[in-house]
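Novice: Coordinates for the following, if possible.
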Amino acid sequence: MKNLFRALIVFAALLGVVTWAQSGSRDAEGELLREITDLREEAAHGLPILVEFALHACPYCRVAEEEFLKPMIRSGAYEDRVLIRKLSMDRRTVIDFDGQEIRTHELAARYGARMAPTVVVLSPEGELLSRPVVGLKTVDFYGGYLDRAIDEAEQAMAERGQPEVVAAR
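Specialist: Presented below is the predicted three-dimensional model:
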């Protein structure tokens, strides 16, 4: 009986350590998916910008971020292809591509983001480069929808005479 009690204490301690370590790694990753506050600043990188229009309390947004967007960033495979960012529609304003402050709901309306999550890929000038990915349709296909949007954006950038983005792959 005494051994069982000790084993339970050791198990509980290990479980606590694992939980603590995981919460710390989540905090360290908090900046993994950067939130946009200034679109002009993001545009300075010269890459297409994948923007997730999200709401803070949206469970579907959380799934899109944790299961798709953050793993895309972690993989490094998109690093030279597209900036992956989040724009919280709960925010009141952001800085637009022209350097002017704009209400987030106006910016969302410009790109057809009527629901969260909506993902768009924009040029450094703020042009829509692909079809928006609206909602979290089917988790099984969501990654494919995002990849297709990025591919469409790269093709549109190349057609506009900016082949260095495609060559940076």
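
Novice: all contacts plus neighbour counts: C-alpha atoms, from now on.
Specialist: Will do.

Novice: got a list of what the closest residue to residue 91 other than its chain neighbours touches?
Specialist: Spatially, and ignoring its direct neighbours in sequence, residue 91 is nearest to residue 104 (6.5 Å; C-alpha to C-alpha, 6 or more residues apart in numbering). Contacts for residue 104 (C-alpha atoms under 8 Å, 6 or more residues apart in numbering) come out as 88, 89, 90, 91, 92, 93, 94.

Novice: any idea how far residue 88 is from residue 104?
Specialist: Residue 104 sits at a distance of 8 Å from residue 88 (criterion: C-alpha to C-alpha, to the nearest Å).

Novice: for residue 137, same thing?
Specialist: 20 Å.

Novice: More neighbours: which of these two?
Specialist: residue 88 (23 against 11; other C-alpha atoms under 10 Å).

Novice: Residues in a beta bridge with that one, which ones?
Specialist: residue 54 (DSSP bridges).

Novice: That one touches residue 58, doesn't it?
Specialist: No. The pair residue 88 and residue 58 fails to qualify as a contact (C-alpha atoms under 8 Å) at a distance of 10.4 Å.
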